[in-house]
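Visitor: below is the structure, and that's it, no one-letter string:
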Ligand code: COA
């Protein structure tokens, strides 16, 4: 599989099915500038293009931070609001492959906005989350307020965005911002376990579940329910649905092809 050439971030494929994007800019605690925003687009391009890739993971190689937000020193080269970051998060949210965010250390501003656009968030116990923008005289501009409101409720979104308050992993989990909290040393193993579990499911079913879940919040209930009914009827006709049933009867793990 041919991987795109990235500017600042690192991309690798694990198990031939998991695309892992790693932030590794320790001198800026992974504050992302315009070049890294383009790398996020290259990551989504790969997810969309490669049928063998079943799931994406975004993580950090810097212990102290997942992402310290947008690169404040680079505002002149990547004007604020960071439209390319917003577009990349929109694309992650709408891409047919699930994307997992593995978060340890500081996750600030655009880091929270990106995490909220991912499908599953796993936090290390070292994670600290905040939307610090109002303290800089600006505001979140990459869809973070709407996504946080959808993930954790309007009260939580307003309180965090209006106060710039930092919250711990434990509080973030209690507020519904993440699926689980694990010790920092277990973050990668638990993330990989989760990614492997998702990657083993039927790809077309994953895509339809993700779209159905997005529609549950993006449109009225009747429309979302109609899509879900159509999706469930369609998916039951696929070769992977037949394989799932066969594997159950034969008491073996299914081998899904995406067909
Ligand atoms: N943009 C650019 N550089 C950043 C950055 C950002 N968002 N966040 C951190 N850095 C840089 C710092 O300038 C510093 O660089 P230097 O060593 O050349 O001075 C380096 O990363 C380490 O950060 P430092 O502030 O020294 O570490 P700390 O442990 O004292 O504090 C933070 C860590 C994350 C709390 C602090 O750096 C911070 O508040 N960053 C800004 C976060 C933010 O507001 N993000 C939203 C932007 S829209």
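Guide: Yep, it's here. This is a predicted model, so every value here is computed, not measured.

Visitor: residue 20: what secondary structure?
Guide: Secondary structure, DSSP: H, G, I helix; E, B strand; the rest coil: residue 20 is strand.

Visitor: surely it meets residue 55?
Guide: No. Counting by CB atoms under 8 Å, residue 20 stays clear of residue 55, with 9.6 Å between them. In short, each C-beta sits where N, CA and C put it, glycine included.

Visitor: with neighbour numbers in mind, choose between those two.
Guide: For residue 20 versus residue 55, the count of surrounding residues by other CB atoms under 10 Å is larger for residue 55: 27 against 21.

Visitor: that one is in contact with residue 201, isn't it?
Guide: No. Taking contacts as CB under 8 Å, residue 55 lies outside contact range of residue 201: 9.0 Å.

Visitor: quick one: the helices in the stretch 51-200 of the chain?
Guide: Ranges of helices in the stretch 51-200 of the chain, per DSSP state H, counting those that start in this stretch, are 83-94, 110-117, 144-152, 154-163, 169-174, 187-199.

Visitor: a markdown table please, covering the ones you listed and showing distance to the ligand, mean pLDDT and mean neighbour count.
Guide: Formatted as a markdown table, the helices of the stretch 51-200 of the chain follow (distance: least, CB to the nearest ligand atom, whole Å; pLDDT from 0 to 100; neighbours: other CB atoms under 10 Å):
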| stretch | distance to the ligand | mean pLDDT | mean neighbour count |
| --- | --- | --- | --- |
| helix 83-94 | 10 | 97 | 19 |
| helix 110-117 | 6 | 98 | 28 |
| helix 144-152 | 10 | 97 | 20 |
| helix 154-163 | 12 | 98 | 16 |
| helix 169-174 | 15 | 98 | 18 |
| helix 187-199 | 18 | 98 | 18 |
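
Visitor: select, out of those, the one closest to residue 215.
Guide: helix 83-94 (10.9 Å; CB to CB).

Visitor: the closest one - contacts with which helices or strands?
Guide: On a contact count with 3 or more CB pairs under 8 Å, 6 or more residues apart in numbering; DSSP states H and E, helix 83-94 meets helix 34-49, helix 110-117.

Visitor: pull the residues that contact the last one.
Guide: So the one you mean is helix 110-117. 30, 32, 40, 58, 65-70, 82, 85-86, 88-90, 92-93, 99, 101, 103, 107, 121, 129-131, 140, 142-144, 147-148, 150-151, 177 (CB atoms under 8 Å, 6 or more residues apart in numbering).

Visitor: again, only this time at 6 Å
Guide: 66-67, 69-70, 85, 89, 92-93, 101, 103, 121, 129, 131, 140, 142, 144, 147-148, 151 (CB atoms under 6 Å, 6 or more residues apart in numbering).

Visitor: which neighbouring elements make contact with the helix or strand hosting residue 209?
Guide: Assessed by DSSP states H and E, residue 209 sits inside helix 203-218. Applying 3 or more CB pairs under 6 Å, 6 or more residues apart in numbering; DSSP states H and E, we find helix 203-218 packed against helix 221-235.

Visitor: and the helix it packs on, what's buried?
Guide: For helix 221-235, a neighbour-count test (16 or more other CB atoms under 10 Å) marks 224, 227, 228, 231, 235 as buried.

Visitor: for stretch 124-134, same thing?
Guide: Buried, per 16+ other CB under 10 Å, within stretch 124-134: 124, 125, 126, 127, 128, 129, 130, 131, 132, 133.

Visitor: please list which of those residues are also close to the ligand.
Guide: 132, 133 (CB under 6 Å from any ligand atom).

Visitor: which among the buried residues of stretch 124-134 gets closest to residue 3?
Guide: Nearest member of these to residue 3, counting by CB to CB, is residue 124, at 26.5 Å.

Visitor: which residues touch residue 98?
Guide: Contacts of residue 98 (CB under 6 Å, 6+ apart): 55, 119, 198, 206.

Visitor: sorry, slip of the keys, the one I care about is residue 96.
Guide: residue 207.

Visitor: before we move on, back to that, ok, and what's touching the helix holding residue 209?
Guide: Under the criterion CB under 6 Å, 6+ apart, residues 54, 96, 98, 150, 224, 227, 228, 231, 235, 238, 258 lie in contact with helix 203-218.
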